[in-house]
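>>> output the structure for:
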Amino acid sequence: MQGPNVLFDVFIRHASEDKDALVRPVAERLREHRVEVWYDEFTLRPGDSLRRAIGRALASSRLGVVVLSPSFFAKSWPHWELDGLVQRELAAKDPVIIPVWHGVSQGDILKGKRRANMPKRGRGRTKRRD
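Numbers count the residues shown, from 1 in each chain. A predicted model of the protein is given here:
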């Protein structure tokens with residue numbers, strides 16, 4: 001997605017349990033490199049509707065980083081946001097989603113992918129889970 005509706009280079013979808021270990025440091029590093037990041041701690045203000053803010057962010061971000069972790073797969077809310085990114089990707093026929101494996105194995109991803117409806121593609125991995 002390009003043009004006037006793009007406000008962010010990347011939207012980071014994550015479970016809150018992954019903030020300290022991975023998400024916040026990555027978001028901060030991206031900002032240091034002048035990447036416009038939609039990350040809840042940078043963007044949300046008191047009184048904002050979380051659902052509306054995320055909906056706008058999904059629509060106005062060029063790419064979506066999705067941190068796939070045990071916490072991600074244990075919740076339903078992250079899947080709603082992922083569904084929004086998948087719909088955008090299918091409509092645009094261009095890659096939109098950048099999956100990051102965080103503390104999960106290939107088996108975990110395969111089980112979770114069926115539940116999350118993740119597209120098949122390459123990914124980044126933060127650490128190997130035994």
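
>>> can you confirm P99 is in a helix?
No: counting by DSSP: H, G, I helix; E, B strand; the rest coil, P99 is not part of a helix but strand.

>>> my guess is it contacts F72, does it?
No: if you go by C-beta atoms under 8 Å, P99 and F72 don't touch, sitting 10.2 Å apart. C-beta coordinates here come from the backbone N, C-alpha and C atoms, glycine included.

>>> what touches both of the two?
Residues touching both P99 and F72 (C-beta atoms under 8 Å, 6 or more residues apart in numbering): V66.

>>> which parts of this protein are helices?
24-32, 40-43, 50-59, 70-74, 77-92, 106-116 (DSSP state H).

>>> so what's the closest residue to E89 other than its chain neighbours up against?
Closest residue to E89 apart from its sequence neighbours, by C-beta to C-beta, 6 or more residues apart in numbering: V96 at 4.0 Å. The contact partners of V96, taken as C-beta under 8 Å, 6+ apart, are 1, 62-64, 85, 88-89.
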